[in-house]
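Undergrad: build me a model:
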Amino acid sequence: MTVSEIRYDLLVEKALRGVIRSALQQVALNGLPGEHHFYITFDTNHAGVEIPSYLRAQYKDEMTIVLQHQYYGLEIEEDLFTVTLSFNSKHERLVIPFAAINTFADPAVNFALQLQTISSDDDDDDGDEADDKTEDGEKKPEERGQVISLDSFRKKP
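TA: Sure thing, here's the model as predicted:
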């Protein structure tokens, strides 16, 4: 990849994470309206994720949390959010970077986003990425993003 290429895949991922950030900001200010509730799945090994060690041992790669009735202290920052949830009657504070989120869903309105985890390497648009090679030493073709229809996310009448 050359420096002059526009990384639309990263731009779309960041925009989708902005949707999640905005939804969480609204909830932090006003609470969850009506039947809305969120399922948030994230990579427990992503840099910046802070969860208790017993949860990390139980959820080695991925964890899903639910924000519905009992969540406390939801705070939204530019790159992450923090929330306190109850696990086995014990309140635990979680720190989750938006880049660690794999899935965000609000079943009340049939809305879901499936995301790719953004690594810090993906965030650097310096063009210094190593070339992938096939077994015979030839350069692998660059993988391109997929076109996704937004109609599949819209609520049906």
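Undergrad: find the residue at the geometric middle of this protein.
TA: By CA atoms, centre = their mean, the chain has its centre lying nearest to I101, at 1.9 Å.
Undergrad: bridging residues for that one?
TA: For I101, the beta-bridge partners are F42 (DSSP bridges).
Undergrad: do A105 as well
TA: Y39, A112.
Undergrad: next, the angle from the helix of greatest length in the chain to strand 38-43.
TA: Longest helix in the chain by number of residues (criterion: DSSP state H): helix 8-30. Here helix 8-30 runs at an angle of 130 degrees relative to strand 38-43 (axes from the mean of the first three to the mean of the last three CA atoms, to 10 degrees).
Undergrad: who are the packing partners of helix 8-30?
TA: For helix 8-30, the packing partners by 3 or more CB pairs under 8 Å, 6 or more residues apart in numbering; DSSP states H and E come out as strand 38-43, strand 71-76, strand 101-106, strand 111-114. Any C-beta I mention is one placed from the backbone N, CA and C, and that applies to glycine too.
Undergrad: start and end of stretch 62-75, how far apart?
TA: 22 Å (CA to CA, to the nearest Å).
Undergrad: for that stretch, buried residues please.
TA: Buried residues in stretch 62-75, counted by 16 or more other CB atoms under 10 Å: M63, I65, L67, Y71, L74.
Undergrad: and stretch 15-22, by the same measure?
TA: By 16+ other CB under 10 Å, the buried positions in stretch 15-22 come out as L16, R17, I20, R21.
Undergrad: please apply the same query to stretch 38-47.
TA: So, applying 16+ other CB under 10 Å, buried residues of stretch 38-47: F38, I40, T41, F42, D43, T44, H46.
Undergrad: go on, stretch 92-106?
TA: Buried, per 16+ other CB under 10 Å, within stretch 92-106: L94, I96, P97, F98, A99, A100, I101, N102, F104, A105, D106.
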